[in-house]
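Engineer: Got a predicted model here, sequence first, then my questions.
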Amino acid sequence: MNDTPAMRDTSARLNAMRRTLREVFGISRLRPGQRDIIRSVLERRDTLAVMPTGAGKSLCYQLPALHLDGWTLVVSPLIALMKDQFDKLREAGVDAWRINSTVPAAELRATYEALRGARRGIVFVTPEQLTRPELIDALHGRLRQRIELVVVDEAHCVSQWGHDFRPAFLRIVDAVKALGKPPILALTATATADIRDDIVRSLGLREPCIVNTGVYRDNLHYRVTQVSVAGGRQRASTRAREAKTAALRTLLASETGRGIVYTATVREAERLAATVRGWEVATACYHGRMPARERHDAQERFVSGDVRVVISTNAFGMGVDIPDIRFVVHYQMPGSIDAYYQESGRAGRDGKVARCELLFDLNDRRVQQFLALGRYPDAALLRRICDALAQHTKSPGPGVTARELLDAVPDVGRNKLTVALKMLTDSRHVSRDRLQRYRLREVSRDLGPGSGEDRAIEAAVERYAQFAKRDRDALQQMIDYAQTGGCRWRVMLEYFGDAQGFERCGTCDNCLNPLAATLEAQRSAPDDKKLPRHASGKPRFGRGDAVRVRKYGSGHVVFATDEQVAVLFPDGTTRTFMASFVKAEIA
């Protein structure tokens, strides 16, 4: 291959970065994948990097940013995450600035002054701030030809197929266009093939270089404690909660380090935090409904070591860089394997062994099903928004802002309204100008029932019904993970399409206690030592039981309640069936 000036320039910058790597960041060598990502950035290519938590994603933009001929704009989803990275860069002597809702006016003025005068640096901004017309105008006027790179951190949030979808991320592509379409570096810890494709589409990446270093981390040891019980819903829920609480207490007594306990709801987080404090364990509670100051105090107490355990909804963790979290417990299962991997992966960033445990109650699926209800706008809501737009834009002139629409439909949350407006603009029923003002398109006005408006709304709702089905499928995959009799790491790697050549981790509960060992113990045990049946005395399948399922054949039970039975078949697959379809194998 011929040596070009661009290639020589890239090589020269890579050589210069070795010194910066040592002197500024105190690192002697790059990790696998980092060099490929940095080379792509220097070649001004759009890049999508998928690297597990703790693999050094931030360095992939921080290091080249010090050698580019302009500014690096970092879109960061959480103010806490932004502050952590901002503080570390400032401590290292790197020119870094931030723009978010908490920045004092004096600091904001100093930031804009620096942008006018400095040659290069890193400026952090939240996606919500990036949608403000005044910010875009300021960046457009001062930095149009000087932004060398746009970084989208936690890029899975840009995907409507992602587990942590943030509507404000949808507007990043508009800002990039307004800034002259500089190269984009999208960073995330996890992304299935669907999510990778959606990130590329949503950000408008042009023939991107995709670097995927894999998701496997051998220091994370996964296990599932089964607490599902049969019986009436209320009684079963109470007994399962008692079993969970007892298991958590045992775990906290056996583990000596810091950890996070995740719940699915605010109510459960508050209840559980009160319980754990009663065990004289230094505990903080954290969730999105707490005042900002209380959330900040809870986080700071955990970071400083004043509290040992944080009990939280999924609102906690993305912005916290603590390398020595020794355990992450899910008191209630999350809605997808994506979410589970992201949240459990906050353990063991120092590379030392960490425990990741799920306390599994099959009835918890109802919590996730409830949370999914109404996640996507229906046709009735879309029509209400169209009516509001029609009322506010009867005559030619400026359209309506999202804030004004919130006043017109006050019972709709900001995120849901953003999704609804996205649906309507995607269907070309509503237009949006560069100042983020919305109005009905002229061809959509004054149409009666069965009109183009109805068809556009129905088409939008049908498309988003696919996302609702995706959510249901993702929940079932999470249940299948909890019920599998195989290696838990392999199940996750198969989900992410990264299992080729991987057999077993040797460290999860199923690898340490495989079903074959359970079957042997069951066969050799005296009758009074057999695995117990349901406490009520009712017949019930137990782990290791030989069963038969019509059309699938014979297998062995790996998990069972009175409602569902998970069966491991000889080909290594695990499938879950309604209990009525499963029959005991006759010897």
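Structural biologist: It's in. Since we're looking at a predicted model, the values are computed, not measured. Residues are numbered from 1 along each chain as shown.

Engineer: Can you list the neighbours in contact with the helix or strand where residue 237 lies?
Structural biologist: Following DSSP states H and E, one finds residue 237 within helix 233-254. Outside helix 233-254, the residues within contact range by Cβ atoms under 8 Å, 6 or more residues apart in numbering are 225, 227-231, 259, 261, 272, 275-276, 279, 281, 309, 327, 329, 331, 355, 357, 359, 361, 363. For the C-beta atoms, the positions are set from N, CA and C on the backbone; glycine is no exception.

Engineer: Would you agree residue 477 is in contact with residue 336?
Structural biologist: Yes: judged on Cβ atoms under 8 Å, residue 477 makes contact with residue 336 at a distance of 7.0 Å.

Engineer: Who has more neighbours out of these two?
Structural biologist: residue 336 (24 against 19; other Cβ atoms under 10 Å).

Engineer: wait, doesn't that one sit right on residue 476?
Structural biologist: No: applying Cβ under 8 Å, one finds residue 336 not in contact with residue 476, separated by 9.9 Å.

Engineer: Give me the buried subset of the contacts of helix 233-254.
Structural biologist: Among the contacts of helix 233-254, those classed as buried by 16 or more other Cβ atoms under 10 Å are 225, 227-231, 259, 261, 272, 275-276, 281, 309, 327, 329, 331, 355, 357, 359, 361, 363.

Engineer: These in helices, which ones?
Structural biologist: 272, 275-276 (DSSP state H).

Engineer: Relative to residue 420, which of these is nearest.
Structural biologist: Taking Cβ to Cβ as the measure, residue 420 sits nearest to residue 272 out of those, at 34.1 Å.

Engineer: Report the separation between that closest one and residue 311.
Structural biologist: Between residue 272 and residue 311 the computed distance is 5 Å (Cβ to Cβ, to the nearest Å).

Engineer: for residue 151, same thing?
Structural biologist: Applying Cβ to Cβ to residue 151 and residue 311 gives a distance of 32 Å.

Engineer: quick one, which of those two is more surrounded?
Structural biologist: residue 311 (31 against 26).

Engineer: and the more buried one, which of the three is it?
Structural biologist: The three-state label given to residue 311 by DSSP: H, G, I helix; E, B strand; the rest coil is strand.

Engineer: Contacts only, for it.
Structural biologist: Contacts for residue 311 (Cβ under 8 Å, 6+ apart) come out as 260-261, 263, 269, 272-273, 276, 283-286, 331.

Engineer: and for residue 272 and residue 311, which residues touch both?
Structural biologist: Listed as contacting both residue 272 and residue 311 by Cβ under 8 Å, 6+ apart are 261, 263, 331.

Engineer: Output the longest helix belonging to the chain.
Structural biologist: Max-length helix for the chain by DSSP H is helix 452-483.

Engineer: in it, what counts as buried?
Structural biologist: So helix 452-483, judged by 16+ other Cβ under 10 Å, has buried residues 453, 456-457, 460-461, 464, 471, 474-475, 477-483.

Engineer: Which of the three states applies to residue 256?
Structural biologist: Note that with three-state DSSP, the state of residue 256 is coil.

Engineer: Hmm, residue 327 and it touching each other?
Structural biologist: No: using Cβ under 8 Å as the test, residue 256 is too far from residue 327 to be in contact (9.8 Å).

Engineer: Helices of the stretch 451-587 of the chain, start to end?
Structural biologist: Taking DSSP state H, counting those that start in this stretch as the test, the helices found in the stretch 451-587 of the chain are 452-483, 488-495, 509-512, 515-524.

Engineer: mind giving me CSV with these and columns for mean pLDDT?
Structural biologist: Formatted as CSV, the helices of the stretch 451-587 of the chain follow (pLDDT from 0 to 100):
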stretch, mean pLDDT
helix 452-483, 81
helix 488-495, 94
helix 509-512, 92
helix 515-524, 57
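
Engineer: circling back: redo the shared contacts of residue 272 and residue 311 as JSON lines? Include pLDDT and distance to residue 323.
Structural biologist: Output for those, formatted as JSON lines (pLDDT from 0 to 100; distance: Cβ to Cβ, whole Å):
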{"residue": "261", "pLDDT": "97", "distance to residue 323": "19"}
{"residue": "263", "pLDDT": "95", "distance to residue 323": "24"}
{"residue": "331", "pLDDT": "96", "distance to residue 323": "24"}
